[in-house]
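Novice: Model the structure of this input:
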Amino acid sequence: MSLLDCFCTSRTQVESLRPEKQSETSIPQHLVDEPPFSRLPSSTRAKDVVCSTNVSHYELQVEIGRGFDNLTSVHLARHTPTGTLVTIKITNLENCTDERLKALQKAVILSHFFRHSNITSYWTVFTVGSWLWVISPFMAYGSASQLLKTYFPEGMSETLIRNILFGAVRGLSYLHQNGCIHRIYMDIM
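Specialist: Alright, predicted model coming up:
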């Protein structure tokens, strides 16, 4: 479960971004003071990804969805120094209304405080020109909806449904215990 879940509806191949196509990376000061991630991966390899704010360290593989009123594209990417697959949500900040910018800021700040195994973490957040990049672990199986469509077209077993709901309820319980109310359908990002 992610605070900034999106409902991915299309799969479109995109070109890899090369460093020469990007403007210089800048990191807002409030994001530099403390790393904005929820939980540290255990391996050193993944930890290198957590701290990488250099856009040239990521190669976009495929666009796996869109969200946040179509302002955000969600990509499967490879962290080139380690070869680790990650999810990158890229949002054009110039096209965001003030209300949307506040929602994004709130989501990024709140995600910094969440440390729970059933809440998707942000490994790092940074800007590239006017584009916000949010780096998260790649969840290979995707959402429960994607699992259902891909692997269980005839329906899931009660045991599997119970396990998915158990994880979701544990994540929601954690959020509620920490004063955060999460909508069932988040349309931000």
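
Novice: Now do the lengthiest helix in the chain: everything it contacts.
Specialist: When the chain is parsed with DSSP state H, its longest helix is helix 158-177. Contact with helix 158-177 is made by Met1, Phe114, His116, Ser117, Asn118, Ile119, Ala144, Phe152, Met156, Ile181, His182, as judged by Cβ atoms under 8 Å, 6 or more residues apart in numbering. C-beta: built from backbone N, CA, C; applies to glycine.

Novice: which residues touch Thr150?
Specialist: With Cβ under 8 Å, 6+ apart, Thr150 has these contacts: Gly142.

Novice: Give me the phi and psi for it.
Specialist: With angles defined as degrees, to the nearest 10, Thr150 sits at phi -80, psi -50.

Novice: can you tell me the average pLDDT over the longest helix of the chain?
Specialist: In this model, helix 158-177 has an average pLDDT of 92.

Novice: Now that helix - C-alpha only, CSV.
Specialist: The C-alpha trace of helix 158-177 is given here as CSV (Å, rounded to 0.1, in the frame of the first residue of the first chain):
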residue,chain,number,x,y,z
GLU,A,158,-10.2,-16.9,0.5
THR,A,159,-6.7,-17.5,1.9
LEU,A,160,-5.1,-15.2,-0.6
ILE,A,161,-7.8,-12.6,-0.1
ARG,A,162,-7.3,-12.9,3.7
ASN,A,163,-3.6,-12.4,3.4
ILE,A,164,-3.9,-9.4,1.2
LEU,A,165,-6.5,-7.8,3.4
PHE,A,166,-4.5,-8.6,6.5
GLY,A,167,-1.5,-6.7,5.1
ALA,A,168,-3.7,-3.8,4.0
VAL,A,169,-5.5,-3.6,7.4
ARG,A,170,-2.1,-3.7,9.2
GLY,A,171,-0.9,-0.8,7.0
LEU,A,172,-4.1,1.2,7.6
SER,A,173,-4.0,0.5,11.3
TYR,A,174,-0.5,1.8,11.4
LEU,A,175,-1.5,5.0,9.6
HIS,A,176,-4.6,5.5,11.8
GLN,A,177,-2.4,5.0,15.0
